[in-house]
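Trainee: Need the 3D shape of this:
(4 chains)
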Number of protein chains: 2
Amino acid sequence: MKLLANGKLTGGFDGDCPATREILNRVGDKWSVLVVVLLGDASRRFNELRRSIDGISQRMLTTTLRGLERDGLVKRTVYPTNPPQVDYALTKLGRTLLTPVSVLAGWAQGHRAEVQRARESFDTAKSGAHGGKADA
Amino acid sequence: MKLLANGKLTGGFDGDCPATREILNRVGDKWSVLVVVLLGDASRRFNELRRSIDGISQRMLTTTLRGLERDGLVKRTVYPTNPPQVDYALTKLGRTLLTPVSVLAGWAQGHRAEVQRARESFDTAKSGAHGGKADA
DNA sequence: CTGCATCCGATGCGATACTG
DNA sequence: CAGTATCGCATCGGATGCAG
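Mentor: Model (predicted):
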């Protein structure tokens, strides 16, 4: 990844590209990532996912799933049984996402403590600086 | 990355961890990623960044920068000159983020076309399915 | 069981104006 | 130049109710 003096990028990353930005956004969406990881293990049914995640509302699960499906990351299969049963599974494309995500997740886990410390130190410095009082 | 039958994860990823989720969120933030990449090349001044990004508002640049600074990813240096000059640079920790981000960005770029196609096909199927009319 | 539509509060973000 | 505070709009997201 290389960056030119004028702010333009060469090589593997172009932040100006709307499509790339959009995909990055999807990864930033906590639910999407969670669902992808969950589905990385095995296909799941709707309420099965809902119970697995716990904290997600039905609306958000639906929204997330549809977004993932639209992007070709997840395959939705309806079994016309009674009661209806819908199965969600990662597509081939969806599975390729697991690696980049795990790299990122690995970074997050590995540097979690550092970030935490940086945050505390930052907050401490701030509260001590502007008010003049350190133990407000 | 491994996933157990009960939905719990082993190894490198734990979606339940708030800290991890928070960091993931930061990467999902388009501006943060962009700034990190930009700063990966060289340190920049405030308005220099602003011009480089073009589309970001001052408010968001400030917010983004502060968030990055708080997380220990970016170092803010003030030169008490006249007019004031403030320099932003990646910290050592910040530089370690470049690799995971580029992996992800690489994925996004590499699969951009596939996602695009999936999206179009999804949208087409939808508009043709519920309304009964295919060329609405 | 699965999923969509609606209402409504919370938050995000841009635009603007003002300070050092 | 760098940064903060405020306002107003747009979107997000949860809760609820209805339908296949």
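
Trainee: separation between A:S102 and chain B?
Mentor: 4 Å (CB to the nearest CB, to the nearest Å). Bear in mind the C-beta positions are built from the backbone N, C-alpha and C, glycine included.

Trainee: which phi and psi does that residue have?
Mentor: The phi/psi pair for A:S102 (degrees, to the nearest 10) reads phi -70, psi -30.

Trainee: which stretches of chain A aren't confidently modelled?
Mentor: A:1-16, A:128-136 (pLDDT under 70).

Trainee: Quick check: A:N47 vs DNA strand D, distance?
Mentor: According to CB to the nearest atom of the strand, to the nearest Å, A:N47 stands 11 Å off from DNA strand D.

Trainee: now swap in A:I23 and tell me
Mentor: For A:I23, the distance to DNA strand D (CB to the nearest atom of the strand) stands at 15 Å.

Trainee: contacting residues for that residue?
Mentor: Shown in contact with A:I23 (CB atoms under 8 Å, 6 or more residues apart in numbering or on different chains): A:D71, B:W107, B:A108, B:H111, B:R112, B:V115.

Trainee: what about the closest residue to A:L90 other than its chain neighbours, how many residues close to it?
Mentor: Once flanking residues are discounted, A:L90 sits nearest to A:L39: 4.6 Å by CB to CB, 6 or more residues apart in numbering or on different chains. When neighbours are defined as other CB atoms under 10 Å in any protein chain shown, A:L39 has 25 of them.

Trainee: same deal with A:P84?
Mentor: 9.

Trainee: try the one 10 residues further on
Mentor: Using other CB under 10 Å, the number of residues around A:G94 comes to 20.

Trainee: Buried residues, the helix or strand where it lies. List them.
Mentor: For A:G94, the host element (DSSP states H and E) is helix A:92-130. In terms of neighbour count (16 or more other CB atoms under 10 Å in any protein chain shown), helix A:92-130 has its buried residues at A:93-94, A:96-98, A:100-105, A:107-109, A:111-112, A:114-115, A:118-119, A:122.

Trainee: For DNA strand D, tell me which of those show up nearby.
Mentor: Contacts with DNA strand D are made by none of the buried residues of helix A:92-130, judged by CB under 7 Å from any atom of the strand.

Trainee: my guess is the residue nearest to A:L90 meets A:K75, correct?
Mentor: No: A:L39 is beyond contact range of A:K75, at 9.5 Å (criterion: CB atoms under 8 Å).

Trainee: and the helix or strand hosting A:V37, what does it pack onto?
Mentor: Secondary structure from DSSP H and E places A:V37 in helix A:30-41. If you count contacts as 3 or more CB pairs under 8 Å, 6 or more residues apart in numbering or on different chains; DSSP states H and E, helix A:30-41 packs onto helix A:46-53, helix A:58-70, strand A:74-79, strand A:85-90, helix A:92-130, strand B:2-3, helix B:18-28.

Trainee: Report the separation between the closest residue to A:A108 other than its chain neighbours and B:K30.
Mentor: Closest residue to A:A108 apart from its sequence neighbours, by CB to CB, 6+ apart: B:I23 at 3.9 Å. Applying CB to CB, to the nearest Å, the value for B:I23 to B:K30 is 15 Å.
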